[in-house]
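> A predicted structure for the sequence below; I have some questions about it.
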Amino acid sequence: MRVAKAVVPAAGLGTRFLPATKAQPKEMLPVVDRPAIHYIAEEIDACGIRDLLIVTGRGKRAIEDHFDRAIELERLLQKTGNPRLREVQRLLDRLQVFYVRQGTPRGLGHAIACAERHVDREDFAVLLPDDLYISPRPALAQLISVAEQLDAPVVAVVPVPPEDISRYGVVAVGEEIQPGVFRVLDMVEKPQAEDAPSHLGVVGRYVLPPEIFAHLRHTKPGAGGEIQLTDALRALCRERPLYAVTVAGERYDIGEPLGLLRAQISFALQRPDLRQGVVELLREVTQVSDTF
């Protein structure tokens, strides 16, 4: 498989972050000094992909503005010699960003189906903005490497505790063909813990073939009344091998407030200019919390 295009579904309503997301896309919520979707674009760029399609919806104009030129701002930064100018321009110089709108939020499968015309019979990557990684190698690059080696579609998985398993698509796996890589036998969307076929939940990164669109067209609404990507992947894995890859690195689920807070702290600790200040802040907060 050769991956030259990436699709980022960003049409969700962000209800878990209300009222912050009433007028602001959840994908634009900051993690330190970058919006979440900016990290996704950086990961795509790090994998050598230059074609990015973002699936948006109503109220998502800020995403388009973020990946557009801000001429007045760039001129001001250039005039004042502000080093942030390069940060503002870098991705704009390297990525071609396209958009398509999902008129009605009908699930992840439907959002990806909106990308069919743009993908145009090519293999492609899918990255969900709710999942960020701190890893020695970009999470998507790890998946692409396996997909190229096995010439097969792959999905990222992580071990999930039983109390959280009902929030995930869960894979039934066969043999471990190499360390951390499993053949997928079946998948179930949001099962109860007692019905889950394994403890491996699908998270945020996929490398898919164009055949997935035919399966999405025939997928009926499933869990939550939505078009589920999991159901289309179930059909796909009956036709050709599909593999699950456990990503090396730390995953952050920023789709809920505590996960976003955890990511804020962890990403700040990765920054040499912020690390010491964050450590001191955590010590202060910990001392205060001990008094309650």
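Now that the structure is in, tell me what you want to look at. Computed from a prediction, not measured in an experiment: that's the story for all the values here.
> just checking, Phe267 touches Tyr133?
No: contact criterion CB atoms under 8 Å: Phe267 and Tyr133 do not qualify, at 10.5 Å. All C-beta spots, glycine's among them, are computed from the backbone N, C-alpha and C.
> Now the common contact residues for the two.
Tyr252 (CB atoms under 8 Å, 6 or more residues apart in numbering).
> which helices and strands does the helix or strand where Ser266 lies pack with?
Per DSSP states H and E, Ser266 falls inside helix 257-269. Secondary-structure packing of helix 257-269 (3 or more CB pairs under 8 Å, 6 or more residues apart in numbering; DSSP states H and E): strand 30-31, strand 131-134, strand 250-253, helix 275-289.
> Take these and write them to CSV, including distance to Pro241.
Listed next are the helices and strands packed on helix 257-269 as CSV, based on distance: least, CB to CB, whole Å:
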stretch, distance to Pro241
strand 30-31, 35
strand 131-134, 24
strand 250-253, 24
helix 275-289, 43
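> what's the helix or strand where Leu216 lies packed up against?
Element membership for Leu216, per DSSP H and E: helix 212-217. Counting contacts by 3+ CB pairs under 8 Å, 6+ apart, helix 212-217 packs against helix 108-113, helix 116-119, helix 229-239.
> Pull the distance from that helix to the chain's centre.
Distance of helix 212-217 from the chain centroid (CA atoms, centre = their mean, to the nearest Å) equals 20 Å.
> what sits up against that helix?
109-110, 112-113, 116, 119, 153, 227, 229, 232-233, 235-236.
> which parts of stretch 241-254 are buried?
Going by neighbour count (16 or more other CB atoms under 10 Å), the buried part of stretch 241-254 is Leu242, Tyr243, Ala244, Val245, Thr246, Val247, Arg251, Tyr252, Asp253, Ile254.
> how is the chain carved up into domains?
Domains of the chain are assigned by automatic domain parsing as 5-255, 260-292.
> weakest of these in terms of mean pLDDT?
Least confidently modelled of the domains of the chain is domain 260-292, at a mean of 87 by mean pLDDT.
> Okay, buried residues for that domain please.
Leu260, Ala263, Gln264, Ser266, Phe267, Ala268, Val278.
> Now do the contacts for the second one.
Yep, that's Ala263 we're talking about. Contacts of Ala263 by CB under 8 Å, 6+ apart are Val31, Leu132, Tyr252, Ile254.
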